[in-house]
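> Sequence below, structure please.
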Amino acid sequence: MLAADPGVSVAGIAAEAGVDRRTVYRRFANRDELLTAIYEARLCAIEQALEDARLREAPVAVALHRYVENIIVINRTWPVDLARMLTDGDARRRRDACLAEVDAFLQRAAEEGLLRKDQPPGWAGSLLPELVHLAAQQLTHLSAGQAADAVVDTYLRGMGTQAT
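Numbers count the residues shown, from 1 in each chain. Presented below is the predicted three-dimensional model:
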């Protein structure tokens, strides 16, 4: 609901969940506290996704697919606008640490010959989350694994050294 309407009320959220708004307020003092809990859950899921993908030690192609699949699941589970989350200093630091880990992984992928080195700096890192976001939103008829297959194939054919 928050993805469709970031201004949705707690009463609207409660009604959609099939509970009374007082039930929501017993757990969250206000709407901001509810949003903070959602963003915290999303950040924790992203951190776990990075760990599960084993970006530092798994074979690059395997780690890339695991990462993409995990993030598609997260984007489908918590499709919220992140702009507000990033106003919180701690959340921004955690998110920046995640991005740095992905950037280091993409550098490793280039060094190991999976990604092209002739692209503008930062392009590989900017393109990947856009493809993942599109897949999460537009390939809803596919499982997360199948959507990840499409993303990785598209990404490696455009950024990779694979022959087309």
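> Against residue 94, how distant is residue 100?
Look at residue 100 and residue 94: by CB to CB, to the nearest Å, they are 11 Å apart. Yep, even glycine has a C-beta here, placed from its N, CA and C like the rest.
> Please identify which of these two sits among more neighbours.
Neighbour totals were compared for residue 100 and residue 94, and residue 94 leads with 18 against 10 (other CB atoms under 10 Å).
> how far away is the more buried one from residue 59?
Residue 94 sits at a distance of 27 Å from residue 59 (criterion: CB to CB).
> With residue 138 instead?
28 Å.
> Could you do residue 14 as well?
Applying CB to CB, one obtains 46 Å for the distance of residue 14 from residue 59.
> Give me the more crowded residue out of these two.
Set side by side, residue 14 and residue 59 give different neighbour counts by other CB under 10 Å, the larger being at residue 14 (16 against 11).
> What segments of the chain are helices?
Counting by DSSP state H, residue ranges of the helices within the chain are 10-17, 21-27, 31-53, 60-77, 89-111, 123-138, 144-159.
> Just the buried positions in the second one, please.
Which is helix 21-27. Residues of helix 21-27 classed as buried: 24-25 (neighbour count, 16 or more other CB atoms under 10 Å).
> do the first one as well
Burial within helix 10-17, assessed by neighbour count using 16+ other CB under 10 Å, is assigned to 10, 13-14.
> centroid residue for this protein?
With distances taken as CA atoms, centre = their mean, the chain has residue 71 as the residue nearest its mean C-alpha position (4.1 Å).
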